[in-house]
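**Student:** coordinates only, sequence not included:
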Ligand SMILES: Nc1ncnc2c1ncn2[C@@H]1O[C@H](COP(=O)(O)OP(=O)(O)OP(=O)(O)O)[C@@H](O)[C@H]1O
C-alpha cells in the first residue's frame with residue numbers, strides 16, 4: 001500500500017507567482033490500477049517524479065509497504081518501476097541489448113535469470129520478433145511497450161506510468177490497456193493521464209488532480225452517480241452559447257458536426273430543447289472544475 005500525506009511542492013518563477021504543483025496531497029493507494037486524472041499542468045508529473053524518488057517535495061510524507069520513500073529512496077528503487085512521460089534511448093541499440101543494460105543497472109546480476117526475465121518481458125509486450133531491432137527506430141506504440149518492459153524489469157511492486165498512451169493510435173492504446181490490466185493484479189500501478197477514457201476503462205480507483213490539488217477521489221462510477229438525473233444535453237448554434245451560459249449551469253460544450261452540444265446541470269429539465277443524458281466520468285470532472 002502507498003500512502004501520501006500532506007505533500008506540498010511549489011516551483012518559483014522569476015516573472016510570475018510561484019506555482020503550487022502539489023498542494024497538500026493526501027492519497028491512499030492499494031494494489032491494482034489507480035488512475036490519476038488531470039489536465040496538463042495539474043501537477044501529475046511532479047507527483048509521479050516525487051513518488052519515483054526523482055525529486056523531493058517541500059514537505060509531506062510518502063510510505064510504501066513500510067518504506068519511508070523520501071528518507072530511504074534506495075530501499076524503494078529495487079521494487080519500483082517507472083515509465084516517464086518521455087524517455088530517450090541509445091541510438092542503434094536493440095531492444096534486447098537495452099533491456100539487458102537496464103537490467104544490469106537494476107542489479108539483476110544472474111545472467112541466466114536476467115535473460116529469462118528479458119525474454120518473458122519481450123513476449124509480454126509483444127516485442128519478441130523485433131528484439132534485435134534498434135529501439136530508436138520503433139513506432140510510438142512499440143516504444144511505449146518497450147518502456148513498460150523496462151519498467152517491469154525486476155518485478156516491481158510499485159509501477160508508475162506517466163501519460164503512457166498520449167500519441168498512440170486506438171489499436172495500440174487498446175493493446176497497452178490490456179497489458180497494464182494484466183500486470184496490476186498484485187502490484188500497485190499508478191496511471192497518470194489526462195485521457196478520461198484511460199481511467200474509466202482501466203481503473204477501479206482514481207483521483208482527480210487540478211491546479212496541484214486532489215479535488216476528488218473514489219470509484220469512477222461513484223464519482224458520476226452524484227450527477228444522476230441532473231444532467232441535460234442540448235444542441236445549439238455557436239452564436240447562442242453565451243446566452244445559454246448566462247441562463248444555465250453549463251459544465252461543458254463541444255463542437256459536433258458544426259453545432260455546439262452543451263451539457264447543463266439542473267434538478268429539473270431546463271427547457272424543451274434539452275434531453276436527459278447519463279453522466280460519464282468526463283461530465284463529473286467538468287462539473288468538479290466548473
Ligand atoms: N522544474 C520546474 N520549474 C518550474 N515550474 C515547473 C517545473 N516543473 C513543472 N513546473 C510547473 O508546475 C506545474 C505542474 O507541472 P507538471 O508537469 O507536474 O504537471 P502535469 O499535470 O504533469 O502536466 P503535463 O501533463 O503537461 O506534464 C505546471 O504549471 C508547470 O509549468
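**Tutor:** The structure has been received and is ready for your questions. Computed from a predicted model, the values in this text were never measured in an experiment. Numbering: from 1, shown residues only.
**Student:** Please count neighbours and contacts with C-alpha atoms only from this point.
**Tutor:** Will do.
**Student:** Can you pull the residues of the stretch 1-150 of the chain lying near the ligand?
**Tutor:** Residues of the stretch 1-150 of the chain found near the ligand (C-alpha under 6 Å from any ligand atom) are 11, 19, 21, 40-46.
**Student:** Now intersect those with the strands, please.
**Tutor:** 11, 19, 21 (DSSP state E).
**Student:** among the residues of the stretch 1-150 of the chain next to the ligand, which two are most distant?
**Tutor:** Among those, the pair separated by the greatest distance (C-alpha to C-alpha) is 11 and 40, at 16.0 Å.
**Student:** So which of the residues of the stretch 1-150 of the chain next to the ligand are in helices?
**Tutor:** Mapping those onto helices (DSSP state H) picks out 44-46.
**Student:** export those to a markdown table and tack on pLDDT and neighbour count?
**Tutor:** Compiled in a markdown table, these are given as follows (pLDDT from 0 to 100; neighbours: other C-alpha atoms under 10 Å):
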| residue | pLDDT | neighbour count |
| --- | --- | --- |
| 44 | 94 | 28 |
| 45 | 94 | 19 |
| 46 | 96 | 20 |
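**Student:** What distance do you get for the closest residue to residue 45 other than its chain neighbours to the ligand?
**Tutor:** The spatially closest residue to residue 45, leaving aside those adjacent along the chain, is residue 162, at 6.7 Å (C-alpha to C-alpha, 6 or more residues apart in numbering). In this view, residue 162 and the ligand are 8 Å apart by C-alpha to the nearest ligand atom, to the nearest Å.
**Student:** And residue 162, how close does it get to residue 34?
**Tutor:** Separation of residue 162 from residue 34 (C-alpha to C-alpha, to the nearest Å) stands at 12 Å.
**Student:** what does residue 85 give?
**Tutor:** Distance, residue 85 to residue 34, by C-alpha to C-alpha: 17 Å.
**Student:** okay, the two: which has more neighbours?
**Tutor:** residue 34 (24 against 17; other C-alpha atoms under 10 Å).
**Student:** Run through who's touching the helix or strand harbouring the more buried one.
**Tutor:** Per DSSP states H and E, residue 34 falls inside strand 32-37. Applying C-alpha atoms under 8 Å, 6 or more residues apart in numbering, the external contacts of strand 32-37 come out as 44, 181, 184-196, 199, 202-209.
**Student:** just the buried members of the residues you listed?
**Tutor:** 44, 184, 187-196, 199, 202-203, 205-209 (16 or more other C-alpha atoms under 10 Å).
**Student:** quick revisit: who wins for most neighbours among the residues of the stretch 1-150 of the chain next to the ligand?
**Tutor:** residue 44 (28 neighbours).
**Student:** for the closest residue to it other than its chain neighbours, what are its contacts?
**Tutor:** The shortest distance from residue 44 to any non-neighbouring residue, by C-alpha to C-alpha, 6+ apart, is to residue 192 (6.5 Å). Residue 192 makes contact with 35-37, 44-45, 48, 160-164, according to C-alpha under 8 Å, 6+ apart.
**Student:** out of the residues you listed, which one sits closest to residue 79?
**Tutor:** residue 160 (11.2 Å).
**Student:** Return the distance of residue 200 relative to residue 192.
**Tutor:** Distance, residue 200 to residue 192, using C-alpha to C-alpha: 13 Å.
**Student:** and if you look at residue 168?
**Tutor:** As defined by C-alpha to C-alpha, residue 168 lies at a distance of 15 Å from residue 192.
**Student:** Just confirm residue 215 contacts residue 209, I think it does.
**Tutor:** Yes - at 5.9 Å, residue 215 counts as touching residue 209 under the criterion of C-alpha atoms under 8 Å.
**Student:** Per-residue pLDDT of residue 267, please?
**Tutor:** Residue-level confidence at residue 267 comes out at 94, pLDDT.
**Student:** Same check on residue 188?
**Tutor:** 94.
**Student:** surely it meets residue 180?
**Tutor:** No - in this structure residue 188 lies outside contact range of residue 180 using C-alpha under 8 Å: 11.1 Å.
**Student:** which stretches of the stretch 1-150 of the chain form strands?
**Tutor:** Taking DSSP state E, counting those that start in this stretch, the strands of the stretch 1-150 of the chain run over residues 2-11, 19-29, 32-37, 59-64, 67-68, 80-83.
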